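Trainee: Build me a model:
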Amino acid sequence: RALEALDHYKDFQSSRYRFSVVVDELRQAQANEYRTVLLAFINCLVISTPQLKDRNRLRNEFIGLKLLEIIRDLKTSSKDPDLKVQLDVFEEQRESDEAQTAGPHDVDLSCHLDVFYTVYNRVQD
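Mentor: Model prediction:
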């Protein structure tokens, strides 16, 4: 339902990306409590997706909106323990899913985002 609501909001606002409102809010948020809730929402969306391929695609949508840069900045600047937990959950889940991805044969070659982020993650490491 949350994904449907974000899709509807994207269409209503004539936005290009469904998660841009969430990432923009996180980028502009000043209160650690609000940042924590936004990251928890992102983590819930990703973790509650049962299929690995779909989880990776969802996470890659967030990463494409520069979520990793925001996470990096928050890790260095925030001392809030609850926020740190959510930051750690995002990273741990990402690493866990990447470990389950055996190799390039798990990449959906018809999805340009999957191909791009597979190459990006390999080069980044």
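Trainee: Give the buried residues for the longest helix along the chain.
Mentor: Secondary structure of the chain per DSSP state H: the longest helix is helix 81-100. Using 16 or more other CB atoms under 10 Å as the burial criterion, the residues of helix 81-100 that qualify are 83, 86-87, 89-90, 94, 97. The C-beta positions use only the backbone N, C-alpha and C, and glycine is treated the same way.
Trainee: Could you save those residues as JSON lines and add columns showing distance to Arg59 and pLDDT?
Mentor: Output for these, formatted as JSON lines (distance: CB to CB, whole Å; pLDDT from 0 to 100):
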{"residue": "Leu83", "distance to Arg59": "19", "pLDDT": "95"}
{"residue": "Gln86", "distance to Arg59": "14", "pLDDT": "95"}
{"residue": "Leu87", "distance to Arg59": "14", "pLDDT": "95"}
{"residue": "Val89", "distance to Arg59": "12", "pLDDT": "96"}
{"residue": "Phe90", "distance to Arg59": "8", "pLDDT": "95"}
{"residue": "Arg94", "distance to Arg59": "6", "pLDDT": "91"}
{"residue": "Asp97", "distance to Arg59": "7", "pLDDT": "86"}
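Trainee: Of those residues, which pair is most distant in space?
Mentor: Across those, the longest distance by CB to CB is 21.7 Å; it joins Leu83 and Asp97.
Trainee: Next, the angle helix 81-100 makes with the helix or strand bottoming out on mean pLDDT in the chain.
Mentor: Within the chain, no helix or strand scores below helix 112-124, which has a mean of 79 by mean pLDDT, DSSP states H and E. Angle, helix 112-124 to helix 81-100, by axes from the mean of the first three to the mean of the last three CA atoms, to 10 degrees: 100 degrees.
Trainee: Right, I'll call it a day here.
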